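Q: Quick one: sequence plus predicted model below, questions after.
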Amino acid sequence: MAATVSPDNGRNSDFLATLQTAHGPCFVKGVLTGTRRARAQQTEARVGARSNSAAPRLLWEVTADGWHVLGFEAVTGHHPSLAPGSPDLPMVAETVAAMTRELTPSPVELEQATDQWAWSAPWRRLSKSDRELDSWDKDHLPELLDWERRGIEAVNGNSLVHGDMHPLNILVSDRARIVDWAWSSIGAPWLDPAALVLRLTAEGHTPHQAEEWANAIPAYRDAPADAVTAYAVLTFGMWAYRGAFPGLTDVARQYVRHRLGS
């Protein structure tokens, strides 16, 4: 090994580094075993070990001395801008469209997205908590709970879904690549582009503009409208329940109101 360079971003690992080796660069992620992070990294290892042109290839995996460590091919590039007019947007759409084709059916067995959402059920949890809700959320809680129940079924499918699509998990150079597959699941093929619609809205697109961008992806364009609405309600509920993303929660609320025509 010639040198080690620590990356600027990364929230789900105990150790991150790019190793400059005699055989070329290698991106390394390490977590302590027996933790939630370790379970998530096991998922990423299973995805990386299978053919997936959008994801970095897993080169090796080691478990020793209380650590689980993965070595991936190093992917370079910049995190894309999702703002209106960004030159990165076509490449992101092209990669996501290819993912939905290539990863249906899923090449790896993972947890079902419908089971994940049935467990988390954020609006159900909020309805049983003593947390003060936004006035619109409180007034529409029965409707949101109904959409949540529908959404848990709507996310069902047989595609490998990344599940955490945002700019820090995308790298763009001559094409877009998707990194950090730790929260992947098996679900509907339109889930990742639907998640990016919310991110585009957060970056300044109107809901119609964001949806028009996503309509270039056949899996999203062909998705049932009610299913997309239900998934938006689920995501809105997750952000509202976590309380860690107030700006995104506001965006999701406005987008859900757009979908519901209210």
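A: That came through fine. Not measured: the values here are computed from a predicted model. Numbering: from 1, shown residues only.

Q: drop to CA atoms for contacts and neighbour counts, all remaining ones
A: Will do.

Q: now for the longest strand seen in the chain, which elements pack on it?
A: Criterion DSSP state E: the longest strand present in the chain is strand 24-32. Contact here means 3 or more C-alpha pairs under 8 Å, 6 or more residues apart in numbering; DSSP states H and E; on that basis strand 24-32 packs against strand 15-21, helix 36-48, strand 67-73.

Q: need those in TSV with distance to residue 151 and mean neighbour count, can you?
A: Listed next are the helices and strands packed on strand 24-32 as TSV, based on distance: least, C-alpha to C-alpha, whole Å; neighbours: other C-alpha atoms under 10 Å:
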stretch	distance to residue 151	mean neighbour count
strand 15-21	35	17
helix 36-48	23	20
strand 67-73	34	21
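
Q: For residue 161, which of those is the nearest?
A: For residue 161, the closest of the helices and strands packed on strand 24-32 is helix 36-48, at 10.3 Å, according to C-alpha to C-alpha.

Q: and the angle from that closest one to strand 24-32?
A: Between the axes of helix 36-48 and strand 24-32, defined by axes from the mean of the first three to the mean of the last three C-alpha atoms, to 10 degrees, the angle is 140 degrees.

Q: I would like the residues contacting helix 36-48, please.
A: Residues from elsewhere that reach helix 36-48 (C-alpha atoms under 8 Å, 6 or more residues apart in numbering): 12-13, 31-32, 55-58, 61, 68, 70, 72, 108, 110, 180-184.

Q: 10 Å instead, please
A: Here helix 36-48 makes contact (C-alpha atoms under 10 Å, 6 or more residues apart in numbering) with 11-14, 29-33, 35, 55-61, 67-73, 106-111, 160, 162, 179-185.
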